[in-house]
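Chemist: Make a model of this:
(chains A and B)
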Amino acid sequence: MRISSWIAKIEDTIMRQLSGKSLEEWTVDRLRARGARIGKNCRIYTQGFSNDPYLIDIGDHVGIAPGTQFVTHDGAINLLRDKYPEIQLIGRITVGNNTYIGLNCIILPNTIIGRNCIIGAGSVVRGVIPDNSVVLGNPARTVMSTSLAEKLLIHHKHRLDTLLVPAKDRERIIKAHFGLL
Amino acid sequence: MNKDQDKIIQWIREICHHDEPELVLTENSELLEEGLLDSMKVVQLVSLLEDMLGRPLPSDEVTAENFESPKRITAMIRRLRETSGNPGSSRS
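Modeler: Take a look at the predicted model:
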């Protein structure tokens, strides 16, 4: 990484600290300032956005886990760089409302992900993903409806309603559930 | 005897064995309500059902209604076979 990139990163961290915002709030603000359209109540935990965030549309209540990359340029075009020095292949990315994108996914250019979708961890996604789909894999393919995934999650034997429980009680509940007390 | 249903029950038992070694399954066992399946187990099961069917299982068939119980899964396989006229393979 170049020194200028390090300096920019340090500056960014200082600015965020001064703003008093969480990293995910700061990420959303910065992306919007650079032209990305991002809806309400999104939780974006990745920094993996291309240099052209104005090509990205994200709906309301979208969750994006760490490590996910939004790719709006096709790097394979480098193969033709000698013949066509200025060539680029560029694509937009759209994510519908109430969709969740898991850890370390790669969202390729020219992709439209529908509403109420779940993109499984590590998926490589390109093309159109219909509403209410659960997709997995590389290349990602639809494996089930979101309604089935919802039932699987609700009735999962390790479901614990502990998100809002104070940290100390939460640890006790989780340890008890897994027989670790 | 329903050979397809027996095979499906056996596969589910195998897929769940690590988490539920003593699992007792019947044709009416509630696979979702009892928390026996998770998403990766469903994907494993779909792969086995595709072998049984001899072709990919359309993703719009992988729904909560069709995967409610071994009986419902068997009914789905039977219906898909009838609509395609394909007897499918018989993985043992």
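
Chemist: what's around residue 12, how many residues?
Modeler: You didn't say which chain, so I picked chain A. Using other Cβ atoms under 10 Å in any protein chain shown, A:Asp12 has 13 other residues around it. From N, CA and C alone the C-beta is placed, and that goes for glycine too.

Chemist: other chain: chain B
Modeler: Count around B:Ile12 with other Cβ under 10 Å applied: 24.

Chemist: In which helix or strand does it reside?
Modeler: helix B:3-16 (DSSP states H and E).

Chemist: Let me know the next secondary structure element after that helix.
Modeler: helix B:39-53.

Chemist: Mind checking the pLDDT average for the helix or strand that that following helix is followed by?
Modeler: Downstream of helix B:39-53, the next assigned helix or strand under DSSP H and E is helix B:70-84. For helix B:70-84, mean pLDDT rounds to 92.

Chemist: how distant is helix B:70-84 from the center of its chain?
Modeler: How far helix B:70-84 lies from its chain's middle: 10 Å, per Cα atoms, centre = their mean, to the nearest Å.

Chemist: Now do it and helix B:3-16, the angle between them.
Modeler: Counting by axes from the mean of the first three to the mean of the last three Cα atoms, to 10 degrees, helix B:70-84 lies at 130 degrees to helix B:3-16.

Chemist: Up against chain B, what does chain A have?
Modeler: A:120, A:133-134, A:136, A:141-145, A:147-152, A:155-157, A:159 (Cβ under 8 Å from any Cβ of the partner chain).

Chemist: isn't there a strand covering A:Met144?
Modeler: Yes - with DSSP: H, G, I helix; E, B strand; the rest coil as the criterion, A:Met144 is located in a strand.

Chemist: Could you find the closest non-adjacent residue to it?
Modeler: Closest residue in space to A:Met144, ignoring its immediate chain neighbours: B:Val62 at 3.9 Å, by Cβ to Cβ, 6 or more residues apart in numbering or on different chains.

Chemist: still on that earlier bit, in strands only, show me the residues of chain A next to chain B.
Modeler: Using DSSP state E, the members of these that fall in strands are A:Ser133, A:Val134, A:Leu136, A:Arg141, A:Thr142, A:Val143, A:Met144, A:Ser145.
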